[in-house]
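Visitor: After the sequence you'll find the predicted model.
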Amino acid sequence: MKPEEVFEYFRRLAEANPSPTTELESGNPYQLLVAVVLSAQATDASVNIACRPLFARIKTPRQMVDFGEEALRDAIKTIGLFNTKAKNVIALSEALIANHGGDVPRTREALQALPGVGRKTANVVLNTAFGEETFAVDTHVFRVCNRTGLAPGKTVDEVEAKLEKLVPQPFRRDAHHWLILHGRYTCKARLPECWRCPVIDLCRYKPKTPPPEERVKPSAARTAIRGSSAARTAKGRTASTRSANRSRSRPSRLP
Ligand code: SF4
């Protein structure tokens with residue numbers, strides 16, 4: 001995309017949602033860090049359900065360590081990979097107490113040194129808790145960037161590097177939220193809802209998904225196919241009946 005198209009792309013996403021943010025619920029940077037670690041390969045909704053009662057009583061790394069791994073495992077057992085995640089959350093809480101006075105560090109290096117914290121998690125925390133202009137590339141951002149031609153890349157690192165280079169001000173701080181939300185609710189994985197997309201004319205994806213009323217419903221298509229094959233069968237039967245009748249009415253050549 002040309003720079004002016006990229007600007008227009010984000011201008012429209014921003015117009016549609018002026019104050020985007022993460023859908024993960026948290027009350028402070030520590031809770032956000034825990035929620036993001038728990039959200040790997042899980043939905044934000046499932047993490048929120050498990051974390052609401054947990055965060056009502058656990059607000060600091062010290063409280064989490066005192067709570068203990070077994071109790072944490074039980075509290076998050078509805079989230080995928082909860083065994084490993086419980087281990088990581090306790091270990092990262094211990095590391096925060098030992099190395100950062102119980103605070104969440106503000107650098108990528110220090111965040112990524114924590115157990116269970118990768119580049120994407122560090123980017124989300126730096127952006128959402130500390131207002132840094134970082135570009136967390138999750139499955140939605142990766143898909144949207146490749147599908148639309150905004151920032152195509154074979155790996156998440158490649159897509160992130162491209163976003164870093166091309167996203168203009170004043171959209172840098174919230175760009176990744178707009179892209180996540182756009183991917184989650186409009187440019188969906190299985191069927192992008194192009195007919196109601198605000199950036200349809202800027203997007204390189206073809207073919208565009210038409211509105212539901214212009215699409216043939218699978219049941220209607222099945223009925224149409226059944227109808228035409230039934231018509232063909234009936235036609236076939238009529239033709240063979242006629243030919244049978246003709247042959248019955250023909251005089252036999254046999255003596
Ligand atoms: S037009 Fe369709 S494919 Fe392109 S960004 Fe919009 S929803 Fe996604």
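Guide: Yes, it's here.
Visitor: Ignoring the adjacent residues along the chain, who's closest to Leu150?
Guide: Nearest non-adjacent residue to Leu150, counting by CB to CB, 6 or more residues apart in numbering: Met1, 5.8 Å away. For the C-beta atoms, the positions are set from N, CA and C on the backbone; glycine is no exception.
Visitor: and the stretch 151-255 of the chain, which residues reach the ligand?
Guide: By CB under 6 Å from any ligand atom, the residues of the stretch 151-255 of the chain that approach the ligand are 186-187, 192-194, 197, 199-200, 203, 205, 208.
Visitor: so how many other residues sit close to Phe55?
Guide: Phe55: 18 surrounding residues under other CB atoms under 10 Å.
Visitor: So Phe10 is in contact with Ala175, correct?
Guide: Yes: applying CB atoms under 8 Å, one finds Phe10 in contact with Ala175, separated by 6.3 Å.
Visitor: more crowded one of the two?
Guide: The neighbour count for Phe10 versus Ala175, taken as other CB under 10 Å, is higher for Ala175 (27 against 21).
Visitor: Now do the contacts for the closest residue to the more buried one other than its chain neighbours.
Guide: Closest residue to Ala175 apart from its sequence neighbours, by CB to CB, 6+ apart: Val167 at 4.6 Å. Contact partners of Val167, counting by CB atoms under 8 Å, 6 or more residues apart in numbering, are 6, 10, 135, 175.
Visitor: so is the second one in a helix, a strand, or just coil?
Guide: The local conformation at Phe10, judged by DSSP: H, G, I helix; E, B strand; the rest coil, is helix.
Visitor: show me the contacts for it.
Guide: Contacts of Phe10 (CB under 8 Å, 6+ apart): 167-168, 171, 175, 178.
Visitor: I'd like to know which of those is nearest to the ligand.
Guide: Trp178 (11.6 Å; CB to the nearest ligand atom).
Visitor: how close does the residue nearest to Ala175 get to Ala40?
Guide: 24 Å (CB to CB, to the nearest Å).
Visitor: and what of Ile90?
Guide: Taken as CB to CB, the span from Ile90 to Ala40 is 16 Å.
Visitor: now swap in Gly102 and tell me
Guide: 23 Å.
Visitor: When those two are compared, which one has more neighbours?
Guide: The neighbour comparison of Gly102 against Ala40 (other CB under 10 Å) goes to Ala40, with 18 against 15.
Visitor: Against Ser19, how distant is that one?
Guide: 26 Å.
Visitor: cool, Glu133 as well?
Guide: For Glu133, the distance to Ser19 equals 16 Å [CB to CB].
Visitor: ok, the two, which is more surrounded?
Guide: Set Glu133 next to Ser19 and count neighbours by other CB under 10 Å: Glu133 wins out with 15 against 7.
Visitor: tell me the secondary structure for that one?
Guide: With three-state DSSP as the criterion, Glu133 reads coil.
Visitor: Got phi/psi on the closest residue to it other than its chain neighbours?
Guide: Computed as CB to CB, 6+ apart, the closest residue to Glu133 that is not its neighbour in sequence is Arg172, at 4.1 Å. Main-chain dihedrals, Arg172, degrees, to the nearest 10: phi -60, psi -40.
Visitor: ok, how many other residues are close to Arg172?
Guide: 17.
Visitor: wait, it sits on Asn127?
Guide: No: assessed by CB under 8 Å, Arg172 is found out of contact with Asn127, at 9.7 Å.
Visitor: which SS class is Ile79?
Guide: coil.
Visitor: How about the contacts made by the residue nearest to it when sequence neighbours are not counted?
Guide: Leaving aside its sequence neighbours, Ile79 sits nearest to Ala42 (CB to CB, 6+ apart; 4.9 Å). Ala42 makes contacts with 79-81, as judged by CB under 8 Å, 6+ apart.
Visitor: Tell me the pLDDT of Ala42.
Guide: Looking at Ala42, its pLDDT stands at 92.
Visitor: ok, now which ones touch the residue positioned nearest the centre of the chain?
Guide: The centroid of the chain falls nearest to His140 when counting by CA atoms, centre = their mean (3.6 Å). Applying CB under 8 Å, 6+ apart to His140 gives the contacts 179-180, 182-184, 187.
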